[in-house]
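# From the sequence below, what's the structure:
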Amino acid sequence: MPINIPKKLPAREVLEKENVFIMDADRANSQDIRPLNIVILNLMPEKEKTEAHLLRLLGNTPLQVNVSFLHTATHESKNVSKTHLEQFYTTFTEVKNKRIDGLIITGAPIELMRFEEVNYWNELTEIMDWAKTNVTSCLYICWGAQAALYHHYRIGKFELPKKCSGIYKHIVTEPTVKLLRGFDDEFYAPISRYTDVNQSEIDAHPDLQLLAYSEEAGPFLILSRDQKNIMVTGHLEYDAQTLAEEYSRDLKKGIDIDVPKNYFPDNNPTRKPVNKWRSHAHLLFSNWLNYYVYQETPFEWE
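As a prediction, the model looks like this:
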């Protein structure tokens, strides 16, 4: 089934070239089914790339999905045009009186800051608190996952000696959990962050369940016991080239950065990376949409 997105969204052209099934509002409204309403709070600086990353995965399920985007009202993004935000994005004040089936909160390149130092932290915590009663299921990605762990469960982050960047092998700890249906016992996933969370704190928390981890990169998938919150500390949504683009960007900024681990063939940045995580990315998002959103959300919100 398709995703329903605006006709003029730039990501639409990218997705159509990949034969991702999409439709516009006129066609969606003609179908006698209740689509899922998914809201994406996009905190990433290059918003158009993140839109394509996430829409590609949301569009590969048997469910019709209406997708809308939020940006923060308390922070002005410098890497996207105001026209793009005005045309395709809204703010929290425009949705807070609604009920939403699923919410995705992305990562953000601000992880070396204390959470309370982030200029939109109060707005973000308001959204996360609102989601407790107004959203069926929340999916938090990278810094978004760390923010959720801190706000909801008081688990803080710590700075790593150097950036953890690359493709890391992860081990499934709870293979019978619905979110991991179809997963291999071990799978690869992109990681790109300067901070981490303590696995022992997650293991000891009565409201959390660790689903997958890396011996090198730490906890990766965490599920709340009430199954409303899913925290993903990496970037399964990334394209094959995304880490290469980040590596090139960091070098241009003069940052002393290592070559992303297990990423370029023969560890040679001039060679084209191979995507080793695409199938598990699709599995994660389809399992989330089916088992944690579609199967749990009411047909009509009261």
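
# contacts, neighbours, all on C-alpha from now
Will do.

# so how far is stretch 174-192 off the chain centroid?
Chain-centre distance of stretch 174-192: 15 Å, with C-alpha atoms, centre = their mean, to the nearest Å.

# Pull up the distance across that stretch, start to finish.
In stretch 174-192, first residue to last residue: 24 Å (C-alpha to C-alpha, to the nearest Å).

# Could you find the closest non-adjacent residue to residue 49?
Leaving aside its chain neighbours, residue 49 sits nearest to residue 11 (7.7 Å; criterion: C-alpha to C-alpha, 6 or more residues apart in numbering).

# Contact partners for that neighbour?
48, 49, 51, 52 (C-alpha atoms under 8 Å, 6 or more residues apart in numbering).

# For it, what is the enclosing helix or strand?
helix 10-17 (DSSP states H and E).

# The residue nearest to residue 49 and residue 48: what is the separation?
Shown here: residue 11 relative to residue 48, a distance of 7 Å by C-alpha to C-alpha.

# residue ranges of the strands in the chain, please?
3-4, 22-23, 36-41, 65-70, 89-90, 100-105, 135-141, 157-172, 186-197, 208-214, 218-224, 229-232 (DSSP state E).

# Quickly compare the ones you listed and say which is most buried.
For the strands of the chain, the largest average neighbour count (mean count of other C-alpha atoms under 10 Å) is found in strand 3-4, namely a mean of 26.

# can you list the residues that contact stretch 214-230?
Under the criterion C-alpha under 8 Å, 6+ apart, residues 136-140, 145, 164, 168-171, 191, 196-199, 206-213, 231-234, 292 lie in contact with stretch 214-230.

# Try it again at 6 Å.
137-139, 169-170, 199, 207-213, 231-233 (C-alpha atoms under 6 Å, 6 or more residues apart in numbering).

# what's the residue closest to the geometric middle of this structure?
Closest residue to the average C-alpha location of the chain: residue 141 at 3.8 Å, with C-alpha atoms, centre = their mean.

# thinking it is in contact with residue 232, fair?
Yes: the pair residue 141 / residue 232 is scored as a contact, 4.9 Å apart, by C-alpha atoms under 6 Å.

# Roughly how far does residue 10 sit from residue 49?
Residue 10 sits 10 Å away from residue 49, going by C-alpha to C-alpha.

# Then residue 104?
As judged by C-alpha to C-alpha, residue 104 and residue 49 stand 15 Å apart.
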